[in-house]
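Novice: Sequence first, then the predicted structure, then my questions.
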There are 2 protein chains.
Amino acid sequence: MTAQPAAPDVFHLYDTTLRDGAQQEGLRLTVSDKLKIARVLDDLGVGFIEGGWPGANPSDTAFFAAAAAGELELRHAKLTAFGATRRVGARAADDPLTRALVDAQTEVICLVAKSHDEHVFRALKTTLDENLAMVADTVRFLTGEGRRVFVDVEHFFDGYRANPAYALEVVRAAAEAGAEVVVLCDTNGGMLPAWMGEVVSAASDIGVDLGVHCHNDTGCAVANTLAAVDAGVMHVQGTINGHGERTGNADLITVAANLRLKYGWPVLSDEHLARATSVSHAVAAITHVAPNARQPYVGQSAFAHKAGLHASAIKVDANLYQHTDPRLVGNDMRMLVSDMAGRANIQLKGDELGFDLSDRDLAARITDVVKQREMDGYSYESADASFELLLREQTDALDPAFEVQRWRVLTSDEVSEEGDSEATVKVRVGDAVVSRVGEGFGPLNALDHALRSALETEHPDVETFELTDYRVRILETGHGTDAIVRVLIDTTDGERSWTTVGVGTNVVEASWEALHDAYLWGLHTRAA
Amino acid sequence: MTAQPAAPDVFHLYDTTLRDGAQQEGLRLTVSDKLKIARVLDDLGVGFIEGGWPGANPSDTAFFAAAAAGELELRHAKLTAFGATRRVGARAADDPLTRALVDAQTEVICLVAKSHDEHVFRALKTTLDENLAMVADTVRFLTGEGRRVFVDVEHFFDGYRANPAYALEVVRAAAEAGAEVVVLCDTNGGMLPAWMGEVVSAASDIGVDLGVHCHNDTGCAVANTLAAVDAGVMHVQGTINGHGERTGNADLITVAANLRLKYGWPVLSDEHLARATSVSHAVAAITHVAPNARQPYVGQSAFAHKAGLHASAIKVDANLYQHTDPRLVGNDMRMLVSDMAGRANIQLKGDELGFDLSDRDLAARITDVVKQREMDGYSYESADASFELLLREQTDALDPAFEVQRWRVLTSDEVSEEGDSEATVKVRVGDAVVSRVGEGFGPLNALDHALRSALETEHPDVETFELTDYRVRILETGHGTDAIVRVLIDTTDGERSWTTVGVGTNVVEASWEALHDAYLWGLHTRAA
């Protein structure tokens, strides 16, 4: 095949999940979501994390404040603040939004600038020269404040089509004012790979380092990014899972995996690349956007093969049937329609938890139970504690610390200091039967308080138990309010953390099951 | 930009949703599903519909039998049967699978042939010469039976990399035996656009018409297809919504829309192209695979805008902010409300809903309210009904059909036929104050029944209201059970559907707010 160009000495993987990715319809990130995602991105080894637009909205401002206050420690990536060139007719130093960029206290700032003449006339309502001055002034002011400045020239490809001379003028203005990288943005996403080379080459003549920012409106975001790399850009912008406005942005993991595995460029270390799949899934868990099973490299189906025709040959040589080794990106090859895999898996997990499941019949029976439970909506891959309780039930190795005889919870619009919900639970603990009342905000909080108070005399350890996370997923929609609900609860006792799962036709029932198992597992393993 | 090559005199859009698309993990198509999808594909105006592999499995055989029996009348597309070259050492005429292809009674047959030497050795376990003979014999036999024959050379790009001379030999053998089109298949999906031209050009020298079949393992299925077209192929294979094994196949709608709208090639008529969005959604409804909102051209979000920055300019000229006119593919531009929204965005949304927000102060005040609400966790972009209620409150244009005075709901482990929850609501309707009890599975279901019964005397319309979807999202995790919860509820009255949002420290409170707004909006707009 065609030889690849040599890797540039410096190459930037620039992530904008927290800013451009957050523009996706239905995606809303809280400050704590953003902090979590930034930490995950740092684990992936990207060079730059664009955190948002300080001053443009309250949560982005709060995010940078939290980061500056030390809530975000990055080992690898540089946190970047995004903003715009100064207002028409203003001085950069006097523009409150430019000030907000300085106040964000990041080493790197990425400015968006207009490069399409029609956008200057119609959106900025100013002259072409003033736009050039806005770019130059803002870059000079921020470099003068000691910042490294990248400039996103938005609508560059449409602008180049409409007025190539002016589009290039804007790149030149940014470069001459001291921009470190000028990023050519296909803001409307209408480009095709065959068109990229000519435009990027024209900008290359200016002599500044170039980047590219692509959207997926033609289904070519990744390919357009690669075409720009072929034409010489050394900085690529994208988002995890391709999040973004409209059809989304270039999927940064797919781009990085292609550069690493197809071009052989060292844009990510082997250790970082091997985290790609877990990073993709971790971000999906935080954004609550279900992961795409068909996502390149990291999708659950990305290396799944239908059994049958292929199966025997795949055993001979898997590489005849996959374009790369899934382990390189932390993924696995999966043979579908194969319950052997299921049983082996469960035996493996049993070993992990210290259960001897070498007995084929026992392992097969447990496999059937697990399969039935998962068909009902349970998910054990993320709920080890519930899985261990299931194993103990199936192997008669469970001596429950308590037994629930009755529970109920009342929620109303009458809110007291203790909350809006009141729960009662009746449990047998040892020889005693205890009934307790608990109040709280919401049914689960009230049930938690009631169960805790019923157990604390016999099991004072429960005081150390804290519920740290609570996730709800509706499994069958379309049935209105009687959908199937899955709840996952994370609990910690300060030393260990464990996750339990509950499923039911309603969120309270499912939450109660997960809460019940959380206490049962926590007390059982303490007793043991 | 670079000029496109001229459109070939003949160009094939070849759909394989029913065969290769059906290889997707979790996708199961019945014979009637396949008949429905084939009719939808015919509406899209594709040239060829690959229906399956007759003889390989009962349902594919039954599908072709049903089509031959007149259950499938195609106005535009040619139905195609897929099969393999004859068995090693057999005569094509005697091979039952080859026979089954003839019995499928299609004008066109597509044969899969091996072109990678390692696959000949390891999967077929035969010689390179025998594989060439298998290709030639089977093509000759089927053309002798009066069929048009296309040949998919599988693993061609890997095969060309391993043994270019042999890979090309297979193409030549198919061509000389009378194949009308030889389709180069990137079966493992590992190709990149920059690599396509060289390989396709090498095959072009043989002088037969070429096609391409791409998978999305590098995220480049669409771009690889276009690169092959640039290199001269006149036949492209793909699937609706990119269905297919692993990461899926090239999305045929995206490919066709790019060729029609970016290259200007007449691969689809304007009328056919305008059906693209409905075709994509119709297929999603039949496959029960949820449509991808971010899908190029046809996704629900493909032309949705949310940044306030943009909105002001979108009012001036939408084409500055979209790469093509969404109506050309039967889609729409949509404005989203979000905490990134500026006043212009809110005004646009108001216009959509028939509110005059031209008053700057009013629009600014409402914008502040929306921003604050979204900070608190509300999301209006997907909850138009709640947004309209907010606008009515802010403009004193709301005359509520009812007022809630009290509500409460009890959930317990005591399950009756009516459910495990009991709710009471006290509402003022007109001059009357009504208290009602409702039972149900889960608190929301019980509250729904109670509210419905309290309203039905005064507002019999509520009988037509049905809750069709219910989504819960935990916004602030890390606080355990007192997290902030957002609930979205979709409601329909048979004619219209609307979405409402509720937020609270607990799922019951948030659900109640969304439920309350769902009834309020439904009744208000009915009264209006």
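Specialist: That came through fine.
Novice: who in the stretch 251-400 of chain A is up against chain B?
Specialist: When proximity is defined by CB under 8 Å from any CB of the partner chain, the stretch 251-400 of chain A lies next to chain B at A:251, A:254-255, A:258, A:262, A:288, A:292-297, A:299-306, A:313, A:316-317, A:320-324, A:336. For the C-beta atoms, the positions are set from N, CA and C on the backbone; glycine is no exception.
Novice: can you map out the helices along the stretch 151-300 of chain A?
Specialist: A:156-162, A:164-176, A:193-204, A:221-230, A:252-261, A:270-273, A:276-287 (DSSP state H, counting those that start in this stretch).
Novice: Determine which of these approaches A:D117 most closely.
Specialist: Using CB to CB as the measure, helix A:164-176 is the one of these that comes nearest A:D117, at 5.0 Å.
Novice: Is any residue of the closest one near chain B?
Specialist: No: Helix A:164-176 does not reach chain B (CB under 8 Å from any CB); its nearest approach is 10.2 Å.
Novice: Closest residue of the stretch 251-400 of chain A to chain B?
Specialist: A:H323 (2.8 Å; CB to the nearest CB).
Novice: circling back: would you mind checking the residues of the stretch 251-400 of chain A next to chain B for buried ones?
Specialist: A:251, A:254-255, A:258, A:262, A:288, A:292-297, A:299-306, A:313, A:320-324, A:336 (16 or more other CB atoms under 10 Å in any protein chain shown).
Novice: and stretch A:201-214, which residues are buried?
Specialist: A:203, A:206, A:208-214.
Novice: would you turn the residues you listed into TSV with distance to A:Y378?
Specialist: As requested, those are arranged in TSV below (distance: CB to CB, whole Å):
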residue	distance to A:Y378
A:A203	54
A:I206	58
A:V208	55
A:D209	51
A:L210	50
A:G211	45
A:V212	44
A:H213	42
A:C214	40
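Novice: among those, which are in strands?
Specialist: A:209-214 (DSSP state E).
Novice: would TSV of those with distance to B:T16 and pLDDT be doable?
Specialist: Shown next, in TSV, are these (distance: CB to CB, whole Å; pLDDT from 0 to 100):
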residue	distance to B:T16	pLDDT
A:D209	43	98
A:L210	39	98
A:G211	37	98
A:V212	32	98
A:H213	34	98
A:C214	28	98
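Novice: restrict those to those near chain B?
Specialist: Counting by CB under 8 Å from any CB, no member of these reaches chain B.
Novice: first to last residue in stretch A:34-54, what's the distance?
Specialist: End-to-end distance for stretch A:34-54: 13 Å, by CA to CA, to the nearest Å.
Novice: Give me the distance from it to the chain's centre.
Specialist: 10 Å (CA atoms, centre = their mean, to the nearest Å).
Novice: quick revisit: of all the buried residues of stretch A:201-214, which comes closest to chain B?
Specialist: A:C214 (11.1 Å).
Novice: Could you double-check that the closest one lies in contact with A:N249?
Specialist: Yes: counting by CB atoms under 8 Å, A:C214 does reach A:N249; the two are 7.0 Å apart.
Novice: Residues that sit against both of the two, list them.
Specialist: Contact with both A:C214 and A:N249 is made by residues A:221, A:237-238, according to CB atoms under 8 Å, 6 or more residues apart in numbering or on different chains.
Novice: Summarise which helices and strands the lengthiest strand in chain A is packed against.
Specialist: Taking DSSP E as the criterion, chain A has its longest strand at strand A:403-416. Here strand A:403-416 touches strand A:419-429, helix A:443-455, helix A:507-527, strand B:403-416, helix B:507-527, going by 3 or more CB pairs under 8 Å, 6 or more residues apart in numbering or on different chains; DSSP states H and E.
Novice: Show me what it pairs with in its sheet, parallel or antiparallel.
Specialist: Its sheet considered, strand A:403-416 pairs with strand A:419-429 (antiparallel), strand B:403-416 (antiparallel) by DSSP bridges.
Novice: Give me every residue in the stretch 51-200 of chain A lying close to chain B.
Specialist: A:56-59, A:84, A:116, A:118-119, A:122-123, A:155, A:161, A:188-190, A:192-195, A:197-199.
Novice: Just the closest residue of the stretch 351-500 of chain A to chain B, please.
Specialist: Chain B sits closest to A:G442 of the stretch 351-500 of chain A, with a gap of 2.3 Å, by CB to the nearest CB.
Novice: Pretty sure that residue sits against B:N506.
Specialist: Yes: counting by CB under 8 Å, A:G442 does reach B:N506; the two are 2.3 Å apart.
Novice: what touches both of those two?
Specialist: A:411, A:420-421, B:482, B:485.
Novice: For A:G502, state which of those is nearest.
Specialist: B:V485 (16.2 Å).
Novice: can you pull the contacts of the closest one?
Specialist: A:442, A:472, B:377, B:472-475, B:503-507, B:509-510.
Novice: In CSV, list those along with pLDDT.
Specialist: Output for the contacts of B:V485, formatted as CSV (pLDDT from 0 to 100):
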residue, pLDDT
A:G442, 86
A:V472, 77
B:G377, 79
B:V472, 77
B:R473, 73
B:I474, 68
B:L475, 66
B:V503, 92
B:G504, 86
B:T505, 80
B:N506, 83
B:V507, 85
B:E509, 91
B:A510, 92
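Novice: Distance from the chain centre to stretch A:282-294, please.
Specialist: On CA atoms, centre = their mean, the centre of stretch A:282-294 falls 6 Å from the chain's centre.
Novice: how about the CA coordinates for it, as CSV?
Specialist: Written as CSV, here are the backbone C-alpha positions of stretch A:282-294 (Å, rounded to 0.1, in the frame of the first residue of the first chain):
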residue,chain,number,x,y,z
ALA,A,282,-16.2,5.3,31.3
VAL,A,283,-17.2,8.4,29.4
ALA,A,284,-20.5,6.8,28.3
ALA,A,285,-21.3,6.0,31.9
ILE,A,286,-20.7,9.6,32.9
THR,A,287,-22.6,11.1,30.0
HIS,A,288,-25.4,8.6,30.3
VAL,A,289,-25.3,8.2,26.5
ALA,A,290,-25.5,4.5,25.8
PRO,A,291,-22.2,3.3,24.2
ASN,A,292,-22.5,2.4,20.5
ALA,A,293,-21.8,-1.3,20.1
ARG,A,294,-20.6,-0.7,16.5
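Novice: What mean pLDDT does that stretch get?
Specialist: In this model, stretch A:282-294 has an average pLDDT of 83.
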